[in-house]
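Engineer: just to be clear, the model below is a prediction. Sequence and coordinates:
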Amino acid sequence: MTPYIEENKDRFLSELKELLSIPSVSTAPEHKQDVLNCASWLQSHFESIGMENVEILPTEGHPSVYADWLHAGDDKPTVLVYGHYDVQPVDPIELWTNDPFEPTVRDGKIFARGATDDKGQVFLHVKSLETMLKSDGSLPVNVKVLIEGEEEVGSEHLVPLLERHKEKLACDTILISDTAMYSPEVPSLCIGLRGLAYMEVEVTGPNRDLHSGSFGGGIENPANVLCGIIARLKDEYGRVTVPGFYDDVEDASEREKQDIASLPFDEEKYCEANGVGASRGEFGYSVLERLWTRPTLDVNGMWSGFTGVGAKTVLPSKATAKISMRLVPNQNTHDIAKKFEDYIVSIAPKTVKVKVTDLHGGNPALTEPDSAGIQAASVAMEEAYGKRPVLTREGGSIPIVLDFQNILSAPVVLMGFGLQSENLHSPDEHFHLENFYKGIFASTRFFHQMAAQG
């Protein structure tokens, strides 16, 4: 911890409380002015700490805030720091211990909406930049900052903004802190995100619901057919049976497998916490390997026929299911969606009509573990936490990561300081202040390491 951080801890916390007290709920029309107020607050704050070219970038929705400092020289890399200042709604409000927009410190944690997702995490980088500017009078690398106001509503206008300001945002590395560490005792860096292919399968039989007594046995039941189709999507070893599904899948590296195996994971407690008797997934892989490095297929919802109270003997006209496939690096969402559709059509009986719809998707992302950004982040985390961070992946998807890589042609470093236990999107969201302060220090060390690597 640097002297400047130590001397200004209380002020940093007070300023974080100010930021968290602004109800910048992007999805609620009644908070539109609050979102604008939050953008203005950040604009003023960037100016006060010595950042330059500070401006609010308008979009067709909520604006983004931009700032930079570009005096390190052409021989030094340029880092773009990304985060978001918008937050989730607070409902159910009655489950909060304190008002979600009256930040409260308890047990070394700050409780407020946006504390960990993402105001607390993005603000630690702001304080890192202040620390270096006020202590050294300069930054070791060229830095650009983009803080978005629409992440919690799908970043609808982010891609057009990136394309419109591509030259302004050009960089060598993108730094994002909007993920979680593995645990308080195990600092980690996320190097991979699974992609997604989200499909809907609709099976249609008769032209109306029929009496199951009068027609059962004579007319194909779409619900039965849909169940049969779903049953054929995975084999007894948990592998997806869609032809060509694994064509582009590569196993994780030995280094990554060793990192995963070294993590303190209690499978029995994992199952107990989720109320199941045992874990289940693709044979031959550990739970964490299956969650992070292997593709999968899951039914997300099914409906057909009569589902009300009591009994109604109907042979339904239609049956529908929503099915998601999580994808790993080298798989392509459009390729997988087409293979899925072809397979469904091929195994459906001629007694029904089948419609397969590609609802949405996104490709997976993987950062090279030996990239300059990951190496710099590894050293920075080790200096802050006293131990080498492990490399992990995230089972979910963050589409903006791939958008950044595609549009700006720069690798992304996911250096998160949150924890999965911090109730993001839920009542009593919080952020551990120890990680807030360590994060400020780790951020300063990251920039210095990037400068040293050149």
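Structural biologist: Looks like it arrived, so ask away. All values derive from a computational prediction rather than experimental measurement.
Engineer: the helix or strand containing residue 324 pairs with which strands?
Structural biologist: If you go by DSSP states H and E, residue 324 is part of strand 318-327. Its sheet considered, strand 318-327 pairs with strand 195-204 (antiparallel), strand 296-304 (antiparallel) by DSSP bridges.
Engineer: mind listing residues that contact whichever helix or strand comes after that strand?
Structural biologist: Using DSSP H and E, the helix or strand that follows strand 318-327 in sequence is helix 333-347. Here helix 333-347 makes contact (CB atoms under 8 Å, 6 or more residues apart in numbering) with 195-197, 199, 201, 229, 232, 241-245, 248, 323, 325, 327, 354, 356, 358, 361-363. Every C-beta, even on glycine, is put in place using the N, C-alpha and C of the backbone.
Engineer: list the buried ones in helix 333-347?
Structural biologist: The neighbour-count check on helix 333-347 (16 or more other CB atoms under 10 Å) flags 333, 335-337, 339-341, 343-344 as buried.
Engineer: for whichever helix or strand comes after it, packing partners?
Structural biologist: Following helix 333-347 in sequence order, the next helix or strand is strand 353-362 (DSSP H and E). Packing contacts for strand 353-362, counted by 3 or more CB pairs under 8 Å, 6 or more residues apart in numbering; DSSP states H and E, involve strand 195-204, helix 333-347.
Engineer: now do the buried residues in strand 353-362.
Structural biologist: For strand 353-362, burial by neighbour count (16+ other CB under 10 Å) applies to 354, 356, 358, 361-362.
Engineer: now swap in stretch 216-225 and tell me
Structural biologist: Buried residues in stretch 216-225, counted by 16+ other CB under 10 Å: 219-225.
Engineer: quick check, nearest of these to residue 4?
Structural biologist: Residue 4 has its nearest neighbour among the buried residues of stretch 216-225 in residue 223, at 65.5 Å by CB to CB.
Engineer: phi and psi next, for that closest one.
Structural biologist: Torsion angles at residue 223 (phi, psi; degrees, to the nearest 10) stand at phi -70, psi -40.
Engineer: numbering from 21 from now on, please.
Structural biologist: With the count now opening at 21, the last piece we talked about shows up as residue 243.
Engineer: hang on, it packs against residue 327?
Structural biologist: No. Between residue 243 and residue 327 there is no contact under CB atoms under 8 Å: 10.9 Å.
Engineer: any idea how far residue 223 is from the residue lying closest to residue 336 once chain neighbours are set aside?
Structural biologist: Once flanking residues are discounted, residue 336 sits nearest to residue 325: 3.4 Å by CB to CB, 6 or more residues apart in numbering. From residue 325 across to residue 223, the span is 12 Å (CB to CB, to the nearest Å).
Engineer: kindly report the same for residue 47.
Structural biologist: Counting by CB to CB, the gap from residue 47 to residue 223 is 34 Å.
Engineer: do the same with residue 146
Structural biologist: For residue 146, the distance to residue 223 equals 53 Å [CB to CB].
Engineer: before we move on, what about residue 398?
Structural biologist: Taking CB to CB, one finds residue 398 at 50 Å from residue 223.
Engineer: who has more neighbours, the two?
Structural biologist: Neighbour totals were compared for residue 398 and residue 223, and residue 223 leads with 28 against 21 (other CB atoms under 10 Å).
Engineer: per-residue confidence at that one?
Structural biologist: According to the prediction, residue 223 has pLDDT 98.
Engineer: surely it meets residue 373?
Structural biologist: Yes. Assessed by CB under 8 Å, residue 223 is found in contact with residue 373 at 7.4 Å.
Engineer: winner for burial among the strands paired with strand 338-347?
Structural biologist: strand 215-224 (a mean of 21; mean count of other CB atoms under 10 Å).
Engineer: I'd like the distance from that strand to the chain centre, please.
Structural biologist: Here the centre of strand 215-224 is set off from its chain's centre by 22 Å, with CA atoms, centre = their mean, to the nearest Å.
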